[in-house]
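>>> pasted the sequence and its predicted model underneath.
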Amino acid sequence: MSESLQTERKNATFNIKELTDTLNGGPEETRKRKQIESLVFNTPAFHRQDRFQLSREEIYDYSIKVYGELIKLCKKENIEIRYDNPDYVRLVGCIPEEIPVGLHVGMFSSSISDQGTEEQQKKWIPLARNFKIFGTYAQTELAHGTFVRGLETTATYDESKQEFILNSPTITSTKWWPGFLGRTSNHAVIAAQLYTKSKCYGIHMFIVQLRDLKDHKPLPGVTIGDIGDKFGFDTVDNGFLRLDNVHIPRENMLMKYAKVTPEGKYLPPTNAKVAYSAMTLIRVVLVRGSAKALASASTIAIRYSAVRHQTETAPGKEPQVLDYVTQQYKLFPQLATALAFGFAGNYMIDTFNKIHSEISSGQLDALSELHGISSGLKAYTTDTATAGIEVCRRACGGHGYSNACGIQHIYANVLPCVTLEGENTVMYLQAASKVISTIKRLEQLRRSGMDQDEAWNTAGIELVQAAKAHCHYFIVKNYLRSLEKLNMTPSLRKVMNSIALLYGNYGIDENAGDFLESGFMTGEQLNLVKAKILQLLSEVRRNAVAVVDAFDFDDKYLRSILGAYDGDVYNRLYNWAKSSPLNKTEVHSSYTEYLQQLLKSKL
Ligand SMILES: CC/C=C\C/C=C\C/C=C\CCCC(=O)SCCNC(=O)CCNC(=O)[C@H](O)C(C)(C)COP(=O)(O)OP(=O)(O)OC[C@H]1O[C@@H](n2cnc3c(N)ncnc32)[C@H](O)[C@@H]1OP(=O)(O)O
Ligand SMILES: Cc1cc2nc3c(=O)[nH]c(=O)nc-3n(C[C@H](O)[C@H](O)[C@H](O)COP(=O)(O)OP(=O)(O)OC[C@H]3O[C@@H](n4cnc5c(N)ncnc54)[C@H](O)[C@@H]3O)c2cc1C
């Protein structure tokens with residue numbers, strides 16, 4: 001155990017277990033979480049030492065193995081695989097890889113349970129829940145992702161056969177990006193333009209079988225594959241799909257809201273956007289996912305900064321890097337942001353569950369409001385978390401650039417979330433639409449309108465800024481309100497208040513221009529904010545390691561040599577480097593193949 005970390009933990013002014021229980025929702029929740037996590041951490045199949053030395057194909061193969069192990073484990077422990085089952089969420093939450101079950105449960109199954117009729121749910125949900133079929137959610141196409149109404153895949157109703165015929169009419173209509181589509185899934189919920197009696201009724205969702213259940217071969221009319229290597233998400237076979245006259249029964253259209261009768265008559269839903277429900281769920285999940293990712297990166301960087309000593313500040317005295325105010329200014333706001341986003345994630349899940357049950361009973365009034373706040377928070381938290389994770393990585397210096405740091409994989413897994421489930425700029429504009437549309441509606445009542453689209457496009461930058469400010473304000477307010485509601489001992493509350501105040505003041509300092517421009521604050525007041533930040537950094541310093549310990553991330557989850565609990569960084573780093581495949585032999589074969597000839601040649 002690193003002496004520095006031991007000292008940090010001894011100096012803490014609060015009880016670490018109390019904070020862990022507070023963040024988990026109580027000691028019983030902590031016990032349940034640790035019990036569930038031990039199932040994963042004690043199953044060797046979930047952990048490969050050489051995971052980051054595998055080829056793309058080996059990594060995919062490994063992810064499918066983990067998929068199978070997870071399903072077996074859930075069956076053995078009688079844990080129902082549902083995104084709204086807390087034990088399942090705990091279990092899948094401690095597996096750091098993106099694995100096929102995410103899309104199958106989080107989008108394929110949830111689309112059917114949210115938008116399928118009773119009969120459709122009775123037929124498909126048991127098949128999905130018992131993994132008799134593997135599904136994904138195929139909406140995005142080669143040329144359209146954001147503009148859902150512009151998707152080109154067609155589903156044309158043939159009343160003589162009471163079937164829909166699905167087609168990819170153009171190269172640009174090729175489904176492109178859906179996770180686990182390329183090699184894994186044998187079914188998909190597919191978004192397509194619905195045609196009946198030669199009229200188009202817009203985007204609707206259809207269950208389509210893609211592969212034979214006996215030999216997994218693509219069915220007739222289905223062309224399918226992986227889209228190739230990506231920046232990250234290397235366990236995921238994001239795929240492409242083309243459909244050539246693929247016939248499905250009428251009953252495969254998800255018809256809880258919109259319907260097509262056997263005679264081909266279209267019956268519209270009360271709110272067409274209910275078809276987008278699966279996206280809203282994932283946006284909600286991504287808020288909490290961003291918090292967890294930033295908390296992981298903060299844990300690694302803060303522990304490492306407590307272990308790392310660098311540069312003499314007095315003869316013979318090399319301080320911990322964490323004692324530099326610049327290092328504190330890098331890392332402590334990330335720690336504060338991770339906590340703030342965690343509380344925002346809890347709020348989002350609670351709000352989603354409340355509105356989701358209303359929607360399930362047919363009350364769709366709050367659908368648009370849920371969409372606005374989930375879109376805005378998804379954009380704001382994923383943007384901020386990806387930037388903050390990179391700050392944490394850079395704060396680790398040279399070793400932060402080694403895969404032994406562990407932050408790279410966190411970053412690579414969170415980075416696509418600024419795009420998937422709604423490109424963030426467009427998502428901000430969904431939050432701004434609520435704010436600005438009310439103001440514009442008032443303006444339009446008082447005077448004749450201008451060209452709305454031109455005004456909207458011209459004001460796009462301010463709209464995004466308005467949405468960001470709205471989200472930031474919401475997160476600060478929710479953070480403080482959440483702390484007020486929590487029972488904490490005075491020692492813990494003092495620490496948590498300092499961190500929350502740091503988050504608020506840091507946010508003002510980072511956006512000083514807005515506060516000055518709006519006249520909300522003067523330069524002198526902003527100087528007070530900067531002074532407050534310095535004071536708060538020194539307050540947080542003493543407890544920073546203890547606070548990240550309270551996140552209670554197992555070393556097997558963090559997979560970080562720099563951020564391991566015991567802080568034995570240098571020995572581990574040396575052994576990790578020696579185990580690199582490149583060091584298998586004393587002399588690499590490239591010497592005899594190439595270098596030796598070079599040395600001998602007369603060049
Ligand atoms: C359990 C979790 C497991 C795993 C999670 C981890 C990782 C997941 C990994 C990968 C998953 C990735 C999956 C995907 O990426 S799926 C594809 C995602 N694609 C998108 O997000 C597309 C983004 N675009 C849109 O959502 C829409 O096009 C739009 C930008 C919102 C515009 O929609 P459009 O139909 O054109 O709307 P308008 O005609 O402009 O009308 C606006 C009107 O509609 C309301 N609205 C829009 N969307 C929704 C919605 N989802 N819910 C409710 N209401 C919605 C909007 O508020 C507005 O209402 P008004 O009252 O103002 O008219
Ligand atoms: C790792 C990963 C996994 C994915 N998984 C799935 C999946 O499982 N299923 C699925 O269906 N899809 C999936 N996607 C696709 C993803 O949902 C889309 O990429 C995303 O919705 C963005 O759409 P796009 O790619 O068309 O981006 P575009 O919209 O083309 O974005 C390009 C640029 O255009 C700008 N822009 C676009 N529209 C506007 C506008 N109206 N106003 C202002 N600016 C605009 C954007 O801000 C952006 O800067 C995945 C993507 C990734 C990266």
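Received the coordinates, thanks. Ligands and ions are numbered 1, 2, ... in the order given.
>>> what residues are up against residue 203?
Taking C-beta atoms under 8 Å, 6 or more residues apart in numbering, we find residue 203 in contact with 148, 149, 151, 191, 192, 193, 194, 275. Placement of C-beta: from N, CA and C, glycine included.
>>> for it, what is the enclosing helix or strand?
For residue 203, the host element (DSSP states H and E) is strand 199-209.
>>> circling back: of the contacts of residue 203, buried ones?
148, 151, 191, 192, 193, 194, 275 (16 or more other C-beta atoms under 10 Å).
>>> and the gap between the residue nearest the centre of the chain and ligand 2?
Nearest residue to the geometric centre of the chain (C-alpha atoms, centre = their mean): residue 286, 3.8 Å. Taking C-beta to the nearest ligand atom, to the nearest Å as the measure, residue 286 and ligand 2 are separated by 12 Å.
>>> now do residue 348
Counting by C-beta to the nearest ligand atom - residue 348 and ligand 2 are separated by 19 Å.
>>> okay, and which of the contacts of residue 203 map to strands?
Applying DSSP state E to the contacts of residue 203, the entries found in strands are 191, 192, 193, 194.
>>> how about the residues of the stretch 51-200 of the chain near ligand 2?
103, 137, 138, 139, 140, 144, 145, 146, 177, 178, 179 (C-beta under 6 Å from any ligand atom).
>>> buried subset of the residues you listed?
Neighbour-count burial (16+ other C-beta under 10 Å) applied to those gives 103, 137, 138, 139, 140, 144, 145, 177, 178, 179.
>>> roughly how far does the closest residue to ligand 2 within the chain sit from residue 541?
Closest to ligand 2 within the chain is residue 145: 2.4 Å, counting by C-beta to the nearest ligand atom. Taking C-beta to C-beta, to the nearest Å as the measure, residue 145 and residue 541 are separated by 44 Å.
>>> now do residue 187
53 Å.
>>> please name the nearest non-neighbouring residue to the residue of the stretch 51-200 of the chain found nearest ligand 1.
Relative to ligand 1, the nearest point of the stretch 51-200 of the chain is residue 106 (2.7 Å; C-beta to the nearest ligand atom). Excluding the flanking residues, the one nearest residue 106 by C-beta to C-beta, 6 or more residues apart in numbering is residue 83, at 5.2 Å.
>>> that neighbour belongs to a helix, doesn't it?
No. When the secondary structure is assigned by DSSP: H, G, I helix; E, B strand; the rest coil, residue 83 falls in coil instead of a helix.
>>> tally up the residues packed near residue 110, please.
Neighbours of residue 110 under the rule other C-beta atoms under 10 Å: 24.
>>> was I right about residue 552 contacting residue 20?
Yes. Using C-beta atoms under 8 Å, residue 552 is in contact with residue 20, at 4.9 Å.
>>> list residues touching both of those two?
Shared contacts of residue 552 and residue 20, defined by C-beta under 8 Å, 6+ apart, are found at residue 30.
>>> can you pick out the most distant pair from the buried ones among the contacts of residue 203?
By the measure C-beta to C-beta, 148 and 194 form the most distant pair in those, at 13.2 Å.
>>> how close does residue 352 sit to ligand 1?
From residue 352 across to ligand 1, the span is 11 Å (C-beta to the nearest ligand atom).
>>> excluding its backbone neighbours, what's nearest that residue?
Nearest residue to residue 352, sequence neighbours excluded (C-beta to C-beta, 6+ apart): residue 284, at 4.4 Å.
>>> ok, now which ones touch that neighbour?
The contact partners of residue 284, taken as C-beta under 8 Å, 6+ apart, are 348, 349, 351, 352, 374, 378.
>>> of those, which is the most crowded?
When neighbours are counted by other C-beta under 10 Å, residue 378 leads those with 32 neighbours.
>>> does the helix or strand hosting that one reach ligand 1?
Taking DSSP H and E as the definition, residue 378 sits inside helix 367-394. Yes. Applying C-beta under 6 Å from any ligand atom, one finds helix 367-394 in contact with ligand 1 at 367, 368, 371, 372.
>>> now do stretch 399-411
No. Stretch 399-411 lies out of reach of ligand 1 by C-beta under 6 Å from any ligand atom, never closer than 13.9 Å.
>>> count of residues packed around the residue in the stretch 451-600 of the chain that ligand 1 sits nearest to?
Closest residue of the stretch 451-600 of the chain to ligand 1, C-beta to the nearest ligand atom: residue 456 (10.7 Å). Neighbourhood size, residue 456 [other C-beta under 10 Å]: 16.
>>> the nearest residue to it once chain neighbours are set aside and residue 557: what is the separation?
Spatial nearest neighbour of residue 456, chain neighbours left out: residue 463 (7.5 Å); criterion: C-beta to C-beta, 6+ apart. As judged by C-beta to C-beta, residue 463 and residue 557 stand 38 Å apart.
>>> tell me the span between the first and last residue of stretch 18-31.
One end of stretch 18-31 sits 13 Å from the other (C-alpha to C-alpha, to the nearest Å).
>>> nope, stretch 308-320 is what I was after
In stretch 308-320, first residue to last residue: 6 Å (C-alpha to C-alpha).
>>> now it: buried residues?
308, 320.
>>> returning to that earlier point: max pairwise distance over the contacts of residue 203: which two?
Of all pairs drawn from the contacts of residue 203, the one with the longest distance (C-beta to C-beta) is 148 and 194, at 13.2 Å.
>>> name the helix or strand for the residue of the stretch 451-600 of the chain closest to ligand 1, please.
Using DSSP H and E, residue 456 maps to helix 452-458.
>>> that helix near ligand 2 at all?
No. Taking C-beta under 6 Å from any ligand atom as the criterion, helix 452-458 and ligand 2 are apart, separated by no less than 7.7 Å.
>>> what's next to that helix, contact-wise?
Outside of helix 452-458, the residues within contact range by C-beta under 8 Å, 6+ apart are 440, 463.
>>> buried sites along that helix?
Of all the residues in helix 452-458, those buried under the rule 16+ other C-beta under 10 Å are residue 456.
>>> mean confidence score for it?
When pLDDT is averaged along helix 452-458, the result is 77.
>>> right, and the helix or strand after it?
As assigned by DSSP H and E, the chain's next helix or strand after helix 452-458 is helix 460-485.
>>> so which elements touch the next helix or strand after that following helix?
Downstream of helix 460-485, the first helix or strand assigned by DSSP H and E is helix 490-510. Where contact means 3 or more C-beta pairs under 8 Å, 6 or more residues apart in numbering; DSSP states H and E, helix 490-510 is packed against helix 16-24, helix 325-360, helix 460-485, helix 523-541.
>>> pull the residues that contact the helix or strand just after helix 490-510.
Once the chain leaves helix 490-510, the next helix or strand it forms, by DSSP H and E, is helix 512-517. Contacts to helix 512-517, defined as C-beta under 8 Å, 6+ apart, come from residues 465, 469, 508, 520, 521, 522, 523, 526, 529.
>>> still on that earlier bit, thought the residue nearest to residue 106 was touching residue 282?
No. Using C-beta under 8 Å, residue 83 makes no contact with residue 282, being 9.3 Å away.
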